[in-house]
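[1] Show me how the following folds:
(4 chains)
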Protein chains: 2
Amino acid sequence: MTEDLAGGDLSTLRHLNGLAVIGVLRGGPALTLTELSRRTGLSRASTEDVVRELRERGWVGEAEPTAGSVGRPARRYRFRADAGRVLGVDVGGHKILAQVADLDGAVLHTRRVAVGPGLGRRERLAAVDDAVNGVLAAAGRAPSTIWASGVATTGLVDGAGRVTLSEALPEWTGVDLAAHLGRLVEGPVLVENDCRLAALAESWTGVARDAEDVVFLLAGLRTGTGLIIGGRLHRGFANAAGEIGALPAAGWSRARNHLKAWTAPGAVADVFAAARSGDREAAEAVDRYVRDLAVGASALVLTLDPELVVIGGGFSRSADLIVEPLRRELDRWCLRTPEIRVSAFGDEGVALGAVRLALGHVESALNRRPPRGAAAARAR
Amino acid sequence: MTEDLAGGDLSTLRHLNGLAVIGVLRGGPALTLTELSRRTGLSRASTEDVVRELRERGWVGEAEPTAGSVGRPARRYRFRADAGRVLGVDVGGHKILAQVADLDGAVLHTRRVAVGPGLGRRERLAAVDDAVNGVLAAAGRAPSTIWASGVATTGLVDGAGRVTLSEALPEWTGVDLAAHLGRLVEGPVLVENDCRLAALAESWTGVARDAEDVVFLLAGLRTGTGLIIGGRLHRGFANAAGEIGALPAAGWSRARNHLKAWTAPGAVADVFAAARSGDREAAEAVDRYVRDLAVGASALVLTLDPELVVIGGGFSRSADLIVEPLRRELDRWCLRTPEIRVSAFGDEGVALGAVRLALGHVESALNRRPPRGAAAARAR
DNA sequence: TTAGTTACACTGGACTCCATCATTATTAGG
DNA sequence: CCTAATAATGATGGAGTCCAGTGTAACTAA
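    So this is what the prediction gives:
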């Protein structure tokens, strides 16, 4: 706040306009200069200038002109999503999921390694190595061609990429994930909590795509949250935002017990199946679970008044049993019950959020020379 | 989000640099071109150009050169805070407080009108008229010289400046404050909830000046909140953020009863006096109050993980009895207890927030020609 | 082949920022 | 009082960026 507002150079302006062009081009179809000019608000001549520079830098490429209409066929330009690659890794309790995506965020290769929740630190890190090396091999890419990497893990993460506290995986506390990944790939490694990244994925291309303020609930044996505020991921001062579960009055510590009490441990998913097929006791267990879940969720909703609540995590497969009672409970407590949507990403949302995290870093470096590979691409 | 990124003109750049200069100049002492140039990062020549334009528009004026050092004395430029005036009005339960401030936000004139909480809608609006007309008269200003006005009121406010729900003042629900104030002053009228504006004031020039994420607690017979997230006031999708008090588990609906139970109604402030002088029962009532307050506060803190919690409102005068127990209670529930500070604004914080709201509007219009009066100033 | 349509490419002009240098106003010292 | 040193002002020219306008190129349709 006390920092002086930086004055802008002419190159600043060009940079902004470059960002505008790329913003229009990203994720969309190839466009002509005229279309680009109209969407950016720049004149045609300037647009051309900006595009030429972006082509020289490797960010933009020419696409096949589409014939068929009257007049001279226009050149079409597209964002060169294939100029670089990013890596997203979900280090979960039951699986390691590594994905390689292009600069549009399209996932090109995936590698999944199953692990047990009881696995030790060393073995789990070895599984991470397997997944990452595997997906790099599948992509036919050297580690040096990865521009940035995002990593998702349970627990609290500090700014440097170390896990400061993991309740689900005790041995995991203290792991320096950023350093570990740094040995597998070049480029920056960004580590973040898994629930937050799942939320980020939803607000990026998921069911929360068009919402500014979102509460994401990861519903599973663990209950976690991710908050999108003003379109951006909210982390909090000590990276501890969204930890409403710590408050006993919020009911989350109690919630899972209702499900566990019903059945033998290790088969919690059966509660939902049983409830669906008419088992009275199971239905009541689910009901009690949702009631407790809703208290904490109401605290989040009342605090933030989001446009949207998104349900993700393992239980989101049983959304048919959860959403309606959750809505009813929220109605009881909240002034305005937000819309409730269910994640459509299955168990890949977290990894996708990790991809987005990596992409965010690439975007912030858009003005600088692209890391590597693009230099070679430019020469082609 | 789906909106196209607008490309920038050269005038955009100039505008940004103008904002940079004004940002450096605002609230600070008069500066020389050299100093300005260094702080904005612009060249001296460009700075001169920007300053000349700002002078022509009336935003910047020349100050007396300070002699005494070697070399040709430099001209000094200052932000022309007196080029315009803004109005801030706090429509409270017990008082109407109207303030006229300059463009730096320095309060120049204040008018206070005492009212009773039981006052009807018509009488309360008449009191607002008194306060506003009074402060305008004291300032020797015609209503047309007010560039923008901010109004604080209890209850929920919709985007158009109508009160949609007021629990404290039943007759108040449905009042169109924006329209009413529009008859007293020219220029835009912005209406917002009082707790939020108090929070805004703290994050502007109060004890939360340097914090990005802040939870503001208005502690009084009503308990209210204002949230600053990412340095900006968070309103929520339906303007209902921070209403954690609606959740019974948060304890706020119960909190005030502890104090009321102790004493005859209408003399709640005595509880604190009694507790301070050793009355055991009163101390316990305060303790119970703080315990309940802390549950809801913990929900806010755990959700947002703010850097800071600020206590304001009527009970903040008894902060000595509240802060320490509150800290202890937060320690019980929160993962990380934020720093707790007490507002230093007394009962003027809300009005100051209203001033800030009006100033925000003026700032957003910085590029356009200043509303009125500045045209005359320019001619001088 | 020709007319019509659309995009490309070039030019000159306006605006903005910047580096540089001569000029001006003031202080310090002889 | 005069001179040197100091620091700001003012003016000039150059470079980068955006823009409007115009002629040229490429393609379709009749």
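[2] residue contacts, the residue lying closest to A:V295 once chain neighbours are set aside?
    Nearest residue to A:V295, sequence neighbours excluded (Cβ to Cβ, 6 or more residues apart in numbering or on different chains): A:G251, at 4.0 Å. For glycine as for every other residue, the C-beta is placed from the backbone atoms N, C-alpha and C. A:G251 makes contact with A:R291, A:D292, A:L293, A:A294, A:V295, A:G296, B:A249, according to Cβ atoms under 8 Å, 6 or more residues apart in numbering or on different chains.
[3] give me the element the first one is part of.
    So that's A:R291. helix A:280-304 (DSSP states H and E).
[4] Which positions within that helix qualify as buried?
    A:282-283, A:285-286, A:288-304 (16 or more other Cβ atoms under 10 Å in any protein chain shown).
[5] Pull the most distant pair out of the contacts of A:G251.
    Of all pairs drawn from those, the greatest distance, 13.0 Å, lies between A:L293 and B:A249 (Cβ to Cβ).
[6] tell me which of the contacts of A:G251 is nearest to A:R232?
    Of all those, A:R232 sits closest to A:G296, with 22.7 Å by Cβ to Cβ.
[7] looking only at pLDDT, what's the mean for stretch A:318-338?
    Averaging pLDDT along stretch A:318-338 yields 93.
[8] For A:L31, the count of nearby residues, please.
    Using other Cβ atoms under 10 Å in any protein chain shown, A:L31 has 23 other residues around it.
[9] Pull the contacting residues for it.
    Neighbouring residues of A:L31 by Cβ under 8 Å, 6+ apart: A:V24, A:L25, A:R39, A:R76, A:Y77, A:R78.
[10] Let's see which of those end up in strands.
    The strands, defined by DSSP state E, take in A:R76, A:Y77, A:R78 from the contacts of A:L31.
[11] and chain A, which of its residues are near DNA strand D?
    A:10-11, A:13-14, A:17, A:41-46, A:49-50, A:67-73 (Cβ under 7 Å from any atom of the strand).
[12] just the buried members of the residues you listed?
    Those of those that meet the buried threshold are A:L13, A:R14, A:N17, A:G41, A:L42, A:S46, A:V50, by 16+ other Cβ under 10 Å.
[13] Nearest residue to the closest residue to DNA strand D within the stretch 201-350 of chain A in space, please, no chain neighbours.
    Here the stretch 201-350 of chain A gets closest to DNA strand D at one residue, A:G231, 25.3 Å apart by Cβ to the nearest atom of the strand. Residue nearest to A:G231 in three dimensions, not counting chain neighbours: A:E212, with 5.2 Å by Cβ to Cβ, 6+ apart.
[14] Can you give me the pLDDT of the one you found?
    96.
[15] which residues does it contact?
    Contacts of A:E212 (Cβ under 8 Å, 6+ apart): A:I228, A:I229, A:G230, A:G231, A:E307, B:F237.
[16] Adding pLDDT and neighbour count, write the contacts of A:L31 out as a markdown table.
    What follows is the contacts of A:L31, written out as a markdown table (pLDDT from 0 to 100; neighbours: other Cβ atoms under 10 Å in any protein chain shown):
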| residue | pLDDT | neighbour count |
| --- | --- | --- |
| A:V24 | 92 | 20 |
| A:L25 | 93 | 24 |
| A:R39 | 92 | 20 |
| A:R76 | 94 | 18 |
| A:Y77 | 96 | 24 |
| A:R78 | 94 | 18 |
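[17] Include pLDDT and distance to A:G118 when you put the contacts of A:G251 into CSV, please.
    Putting these into CSV (pLDDT from 0 to 100; distance: Cβ to Cβ, whole Å) gives the following:
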residue, pLDDT, distance to A:G118
A:R291, 91, 31
A:D292, 90, 27
A:L293, 92, 26
A:A294, 93, 31
A:V295, 90, 31
A:G296, 91, 27
B:A249, 78, 35
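[18] Return the member of the residues you listed nearest to DNA strand C.
    Closest to DNA strand C, out of all of the contacts of A:G251 and judged by Cβ to the nearest atom of the strand, is A:G296, at 50.4 Å.
[19] give me the residue from the stretch 101-250 of chain A nearest DNA strand D.
    For the stretch 101-250 of chain A, Cβ to the nearest atom of the strand, closest residue to DNA strand D: A:L103, 22.4 Å.
[20] And the helices in chain A?
    Using DSSP state H, the helices of chain A run over A:10-25, A:33-40, A:44-57, A:121-139, A:177-182, A:194-205, A:252-262, A:269-276, A:280-304, A:319-333, A:349-364, A:374-379.
[21] packing partners for the second one?
    In this structure, helix A:33-40 makes packing contacts with helix A:10-25, helix A:44-57, judged by 3 or more Cβ pairs under 8 Å, 6 or more residues apart in numbering or on different chains; DSSP states H and E.
[22] Looking at the ones you listed, which is nearest to B:G61?
    So among the helices and strands packed on helix A:33-40, helix A:10-25 is nearest, using Cβ to Cβ, at 27.8 Å.
[23] follow-up on the earlier one: any chance of the helices and strands packed on helix A:33-40 in JSON lines, plus distance to A:A127?
    Output for the helices and strands packed on helix A:33-40, formatted as JSON lines (distance: least, Cβ to Cβ, whole Å):
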{"stretch": "helix A:10-25", "distance to A:A127": "36"}
{"stretch": "helix A:44-57", "distance to A:A127": "38"}
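[24] which stretches of chain A have low pLDDT?
    A:1-5, A:260-269, A:367-380 (pLDDT under 70).
[25] Relative to A:K95, how far out is A:D129?
    Separation of A:D129 from A:K95 (Cβ to Cβ, to the nearest Å): 15 Å.
[26] thinking again about what came up before, among the helices of chain A, which is nearest B:V350?
    For the helices of chain A, distance to B:V350 was read as Cβ to Cβ. The smallest value, 21.0 Å, belongs to helix A:280-304.
[27] In the stretch 101-250 of chain A, which residue sits nearest chain B?
    Using Cβ to the nearest Cβ, the closest approach of the stretch 101-250 of chain A to chain B is made by A:G236 at 2.6 Å.
[28] Quick check: that residue touching B:D213?
    Yes: counting by Cβ atoms under 8 Å, B:D213 is a contact partner of A:G236 at 6.5 Å.
[29] Which neighbours do the two have in common?
    Common contacts of A:G236 and B:D213, defined by Cβ under 8 Å, 6+ apart, comprise B:L304, B:D305, B:P306.
[30] What distance do you get for the last one to A:V185?
    Looking back up the chat, that one is B:P306. 35 Å.
[31] go on, the second one?
    From B:D305 over to A:V185 the distance is 30 Å, taken as Cβ to Cβ.
[32] follow-up on the earlier one: which of the buried ones among the residues of chain A next to DNA strand D lies closest to B:A168?
    For those, the nearest to B:A168 is A:G41 (47.1 Å; Cβ to Cβ).
[33] could you pull out the strands for the stretch 51-200 of chain A?
    For the stretch 51-200 of chain A, applying DSSP state E, counting those that start in this stretch gives strands covering A:60-63, A:76-79, A:85-91, A:95-102, A:107-114, A:146-153, A:156-157, A:163-165, A:189-193.
[34] okay if I get the ones you listed as a markdown table plus distance to DNA strand C?
    Below are those laid out as a markdown table (distance: least, Cβ to the nearest atom of the strand, whole Å):
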| stretch | distance to DNA strand C |
| --- | --- |
| strand A:60-63 | 9 |
| strand A:76-79 | 8 |
| strand A:85-91 | 29 |
| strand A:95-102 | 25 |
| strand A:107-114 | 30 |
| strand A:146-153 | 29 |
| strand A:156-157 | 39 |
| strand A:163-165 | 42 |
| strand A:189-193 | 32 |
